[in-house]
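Student: how would this look folded up:
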Amino acid sequence: MQLGKGARPGGATISAGSLPQLDKALGDHPIMAVWTEYLALAVAIAIPVGGGFLGSLFNGSPDDWYKHLDKPSWTPPGWVFPVMWTTLYLLMGIASWLVYKKGGFQAQSLPLGVYALQLLLNFSWTPLFFGLHRMDIAFAEIIALWLSIAATIYLFHSVDPTAGYLLTPYIAWVTVAAALNWTIWSMNPGMNGVATSDPAFRGFVSSS
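Tutor: Numbering: from 1, shown residues only. The predicted structure follows:
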């Protein structure tokens, strides 16, 4: 059937010019609007959650290296980290969705662009610290992450205050993570960049 020429059952025809009006009608329908909004929220949450999961796949195998490092007494227990990061990724997604609702990417290109930058920095830290064992580079990177989060909070708050507030637990947790990164690096300078197959690592383990 050709548009404007073929007939639908009952004799009705569809003209090419009617398609934009049809799309607009569907888009303006309350049910379609709700589903579009929920889809945008799902995507906004899936991006940080999925990115964090993918980043964890490139962490080498942190147990053998990390578990033998000297750590401060205030190091959170292992189970806290996945719980905290999952919660923070959910809050990030909701915050970005609230900003996106205020005009989309075209209207909010700056805050959403800075948000995307901090996500990339966030996803990069785990491979640097656990995968490459580069505590020094990871610390420099997490400082850049902290600054980008602060900028994101400022920009998000200017668009939607709730979006900015939702990111405050995130910057608080990254502050703790940065302090932990620095302290562990200071306590284990000889293990910076050392692979688990390196004789230096085996000597460190046997002496610890």
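Student: can you count the residues close to residue 190?
Tutor: Neighbouring residues of residue 190 were enumerated by other CB atoms under 10 Å; the total is 10. From N, CA and C alone the C-beta is placed, and that goes for glycine too.
Student: how much space between it and residue 68?
Tutor: Between residue 190 and residue 68 the computed distance is 12 Å (CB to CB, to the nearest Å).
Student: How about residue 124?
Tutor: To residue 68, residue 124 is 24 Å away according to CB to CB.
Student: what about the two, which has more around it?
Tutor: Set residue 124 next to residue 68 and count neighbours by other CB under 10 Å: residue 124 wins out with 18 against 14.
Student: which residues sit in contact with that one?
Tutor: Remark: with contacts taken as CB atoms under 8 Å, 6 or more residues apart in numbering, residue 124 is in contact with 55, 141.
Student: Report the secondary structure state of it.
Tutor: helix (DSSP: H, G, I helix; E, B strand; the rest coil).
Student: which is the next helix or strand following the helix or strand bottoming out on mean pLDDT in the chain?
Tutor: Every helix and strand of the chain was ranked by mean pLDDT, DSSP states H and E. The lowest is helix 18-28, at a mean of 50. Scanning forward in sequence from helix 18-28 by DSSP states H and E, the next helix or strand is helix 30-57.
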